[in-house]
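Undergrad: For reference, the sequence and a predicted model appear below.
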Amino acid sequence: MGFGKWRFRTAGAVLAGAAVLVSGCGSGADTGTDTGTDTDAHGDHGGHVDLAHIHGLGINPADGELYAASHHGLFLVTGEGQPEQIAGRTQDFMGFTVVGPDHFLGSGHPGPEDTEQPPHLGLIESTDAGQTWQPLSLSGEADFHAMEAKHDKVYGFDSQSGQIMVSDDKQSWDSRAGVPMADIAVSPDDADEILATTEQGVQRSTDGGENFAPIDGSPTLFFIDWADANRLLGVSPDGQVYRSDDGGASWSQVGSVAGGPQAILVHDDSEVYVATEGAIHYSDDNGESFTVFQQL
């Protein structure tokens, strides 16, 4: 399966053959004009908003709980009962990453409650576990569809410019390579080593995102997460889960999940979460087997 219907973009335009953004985000979100007011099968039903179209997963160190950033806001997901929408905010999180306890970064598009916000939120920050968000930089300009916070830096792939961007202070940004990609992962040991998932397989940068080169023999992955020096996990567009134990030089297919993938998160020594359109799947054996953590 190719990436034709997913979120590869370059220079603000959809890569040839792409139809919509990841996992059914409609043309409004794709162009930055979406306001989160759609009420599709996973939308607002009598005041209750369901978790759907997940764009990012993270564990909050403050409480050890799983948070899912989505087309309909940020949700606390415990695996028991319905996911809880945080603060009733229905903004579209296209990018999301956890920095520390109760400390999150995001990007995307405003919800209907944010009538004064620009269509592209740039980099936004919460220091209270998503209860409130403040704009930091690039408001009205950038829409990060992939984000990492490591080495006291923020890394993002901006869908508007089609470039990797890096910031040391969350205010000023360096624009780097323009490579069509779906996701990025930054080495835990080297601030200049970045992996990107592309239609041609995984590509590597060793100069902070200035240049990328294909990794020979790598699988075509959609989402990727780099947990420690050698352990990476990724998921292909058809739900096959791959693991690398040598920093991405070689990969083995270890497990699979049902449904089109929307996000992956690697946590602790052996935990893996993979979100699809129908469920959040959980593995405690490094991706070799999965159970349903949360039905969606």
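TA: Okay, I see it. Numbers count the residues shown, from 1 in each chain.

Undergrad: Kindly check the end-to-end length of stretch 117-133 for me.
TA: End-to-end distance of stretch 117-133 (CA to CA, to the nearest Å): 12 Å.

Undergrad: ugh, wrong one, I meant stretch 220-234
TA: End-to-end distance (CA to CA), stretch 220-234: 9 Å.

Undergrad: same check, this time on stretch 221-235
TA: 5 Å.

Undergrad: for it, the distance to its chain's centre please.
TA: 13 Å (CA atoms, centre = their mean, to the nearest Å).

Undergrad: Flag the shaky bits of this protein, pLDDT-wise.
TA: Flagging of the chain using pLDDT under 70 yields the residue ranges 1-48.

Undergrad: repeat that for 50
TA: The model of the chain has pLDDT under 50 over residues 1, 4-6, 8-46.

Undergrad: residue closest to the middle of it?
TA: Gly56 (3.9 Å; CA atoms, centre = their mean).

Undergrad: Just give the nearest non-adjacent residue to it, would you?
TA: Spatial nearest neighbour of Gly56, chain neighbours left out: Phe96 (3.2 Å); criterion: CB to CB, 6 or more residues apart in numbering. In this view, the C-beta of every residue, glycine as well, is placed from N, C-alpha and C.

Undergrad: That neighbour touches Glu148, doesn't it?
TA: No: using CB atoms under 8 Å, Phe96 and Glu148 do not qualify as a contacting pair, with a distance of 10.7 Å.

Undergrad: More neighbours: which of the two?
TA: Phe96 (26 against 22; other CB atoms under 10 Å).

Undergrad: in what helix or strand does the residue nearest to the centre of the chain lie?
TA: strand 54-60 (DSSP states H and E).

Undergrad: Please tell me I have it right and Lys170 contacts Pro135.
TA: No: Lys170 lies out of contact with Pro135 (CB under 8 Å); the separation is 10.6 Å.

Undergrad: Show me whatever sits in contact with both of these two.
TA: Leu123 (CB atoms under 8 Å, 6 or more residues apart in numbering).

Undergrad: ok, back up a step: check which helices and strands the strand holding Gly56 is in contact with.
TA: strand 65-70, strand 92-100, strand 103-109, strand 261-267, strand 271-276 (3 or more CB pairs under 8 Å, 6 or more residues apart in numbering; DSSP states H and E).

Undergrad: okay if I get those strands as a markdown table plus distance to Ala129?
TA: Shown next, in a markdown table, are the helices and strands packed on strand 54-60 (distance: least, CB to CB, whole Å):
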| stretch | distance to Ala129 |
| --- | --- |
| strand 65-70 | 8 |
| strand 92-100 | 10 |
| strand 103-109 | 7 |
| strand 261-267 | 17 |
| strand 271-276 | 18 |
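
Undergrad: of all these, which lies closest to Ile184?
TA: strand 92-100 (10.3 Å; CB to CB).

Undergrad: got the contact list for Ser218?
TA: Counted by CB under 8 Å, 6+ apart, Ser218 has contacts Gly201, Val202, Gly248, Trp251.

Undergrad: let's see 7 Å
TA: Residues in contact with Ser218 (CB atoms under 7 Å, 6 or more residues apart in numbering) are Gly201, Val202, Trp251.

Undergrad: tell me which of those is nearest to Gln91?
TA: Val202 (30.6 Å).

Undergrad: Mind listing the strands the one helix or strand the closest one maps to pairs with, and their directions?
TA: Val202 belongs to strand 201-205 when elements are defined using DSSP H and E. Looking at strand 201-205 with DSSP bridges, its partner strands are strand 194-198 (antiparallel), strand 213-214 (antiparallel).

Undergrad: tell me which residues of it are tucked away?
TA: Neighbour-count burial for strand 201-205, counted by 16 or more other CB atoms under 10 Å, picks out Gly201, Val202, Gln203, Arg204, Ser205.

Undergrad: So which residues of the stretch 101-250 of the chain form strands?
TA: Under the criterion DSSP state E, counting those that start in this stretch, the stretch 101-250 of the chain contains strands at 103-109, 123-126, 134-137, 144-150, 153-158, 163-167, 174-175, 183-186, 194-198, 201-205, 213-214, 223-226, 232-235, 240-244.
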